[in-house]
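In: I need the structure of the sequence given here:
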Amino acid sequence: MKLSNEIRDNIIKALIKHRFAADQEAIEQQETALADKLYCDYYGPTTRKLMNSMPDGALPVTRDTFVNFAGCRDTLKFSSERRCFYIDRYSGSTMRGTAYDAQHAFTLEWTALENARKDLKERKSQAAAKAEAVLKSVGSSKRLLEIWPEVEPFLPPEPAKAQLPATITQDLNKALDLPVANAA
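Out: Numbers count the residues shown, from 1 in each chain. Purely as a prediction, here's the structure:
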């Protein structure tokens, strides 16, 4: 099978997903843990108990929030939908005026999270560039498997060869009123 650019891109995406899915999941879990801590910090136990006692629909709900960490803004996802008293229509923040200074424990935790995100992005980029170099050096799946057999599980299945129905020429001749002495 000829390797088109689309096939190459799909192979790279599958390879990157295979290699980095666990790392991505770990970072997402850190993010939701931090977001949940921020929510609990902003809405204390008494406030959360009051919000949870209200009927469904009485308060807006959200799955993420916008927070300022020492001048750096980020949107963090909660582990589940959270009730809140307020959602800013411009920023989407559920925690009005929430800002943490550079030395706050949440800012330090967010900085470590942000560094992990950047590191993962860089590792993905480097791995994708290396895989792309190999994939662009070959034109077919057969040649690719000769130089890199480990990539076989990530190749798309070979397309089935199309079998055109056999046309009986006698029927075709009748339909086209053939043979003729001179072509029109």
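In: and the longest strand seen in the chain, what does it pack against?
Out: Under DSSP state E, the strand in the chain containing the largest number of residues is strand 72-83. Counting contacts by 3 or more CB pairs under 8 Å, 6 or more residues apart in numbering; DSSP states H and E, strand 72-83 packs against helix 5-42, strand 61-69, helix 105-136. (Each C-beta comes from the backbone N, C-alpha and C, glycine too.)
In: what lines up beside the helix or strand just after it in the sheet?
Out: Scanning forward in sequence from strand 72-83 by DSSP states H and E, the next helix or strand is strand 99-100. According to DSSP bridges, strand 99-100 has the following sheet partners: strand 61-69 (parallel).
In: what residues of the strand it pairs with count as buried?
Out: Buried residues in strand 61-69, counted by 16 or more other CB atoms under 10 Å: Thr62, Asp64, Thr65, Phe66, Val67, Asn68, Phe69.
In: go on, stretch 52-60?
Out: Within stretch 52-60, the residues scored as buried using 16+ other CB under 10 Å are Leu59.
In: can you show me the CA trace of stretch 168-175 as CSV?
Out: This file holds the C-alpha atoms of stretch 168-175, laid out as CSV (Å, rounded to 0.1, in the frame of the first residue of the first chain):
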residue,chain,number,x,y,z
ILE,A,168,-20.9,-9.6,-21.0
THR,A,169,-20.0,-8.0,-24.3
GLN,A,170,-22.9,-9.5,-26.2
ASP,A,171,-25.4,-7.7,-23.9
LEU,A,172,-23.4,-4.5,-24.2
ASN,A,173,-23.4,-4.8,-28.0
LYS,A,174,-27.2,-5.2,-27.9
ALA,A,175,-27.6,-2.2,-25.6
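In: pull the residues that contact it.
Out: Contact with stretch 168-175 is made by Leu178, Pro179, as judged by CB atoms under 8 Å, 6 or more residues apart in numbering.
In: go again with 7 Å.
Out: Contacts of stretch 168-175 with the rest of the structure, by CB atoms under 7 Å, 6 or more residues apart in numbering, involve Pro179.
In: need the contact list for Leu15.
Out: Taking CB under 7 Å, 6+ apart, we find Leu15 in contact with Ala131, Phe154.
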